[in-house]
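Visitor: Attaching a predicted model along with its sequence, questions to come.
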Amino acid sequence: MDGPVPYFHWGFIQISLANLVVIGVMLLIFVLALVLPFPGHRGRRDHDADQR
C-alpha cells in the first residue's frame, strides 16, 4: 500500500489505475441499468392496456 501507484497518461489526461477501475465499474452499472428491464415491467404494461 505504500508503493507507487501506477498512472496512465493519455495526452493531457493522467489517471491512476484505481480511479480508472472505479470509473469503469460505474459505467458498467450505468449501462446495465439502461439495458436491464425493471422487475414487473411487463405486467404493468399489460395491466395498463386492460384499463383503457
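Guide: Sure thing, it's come through.
Visitor: How many neighbouring residues does residue 20 have?
Guide: Using other C-beta atoms under 10 Å, residue 20 has 13 neighbouring residues. Yep, even glycine has a C-beta here, placed from its N, CA and C like the rest.
Visitor: so where's the chain shaky on pLDDT?
Guide: Residue ranges of the chain with pLDDT under 70: 41-52.
Visitor: Spell out the residue ranges of the strands in it.
Guide: Under the criterion DSSP state E, the chain contains strands at 7-10, 13-16.
Visitor: Give me the contact list for the longest helix belonging to the chain.
Guide: If you go by DSSP state H, the chain has its longest helix at helix 17-35. Applying C-beta atoms under 8 Å, 6 or more residues apart in numbering, the external contacts of helix 17-35 come out as 5, 6, 7, 8, 15.
Visitor: which among those residues gets closest to residue 37?
Guide: Nearest to residue 37 out of those is residue 15 (C-beta to C-beta; 33.2 Å).
Visitor: that older thread, how about the contacts of helix 17-35 in JSON lines, adding distance to residue 24 and neighbour count?
Guide: Converted to JSON lines, these look like this (distance: C-beta to C-beta, whole Å; neighbours: other C-beta atoms under 10 Å):
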{"residue": "5", "distance to residue 24": "16", "neighbour count": "9"}
{"residue": "6", "distance to residue 24": "15", "neighbour count": "9"}
{"residue": "7", "distance to residue 24": "16", "neighbour count": "11"}
{"residue": "8", "distance to residue 24": "12", "neighbour count": "11"}
{"residue": "15", "distance to residue 24": "11", "neighbour count": "12"}
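Visitor: ok, and the closest non-adjacent residue to residue 16?
Guide: residue 5 (5.0 Å; C-beta to C-beta, 6 or more residues apart in numbering).
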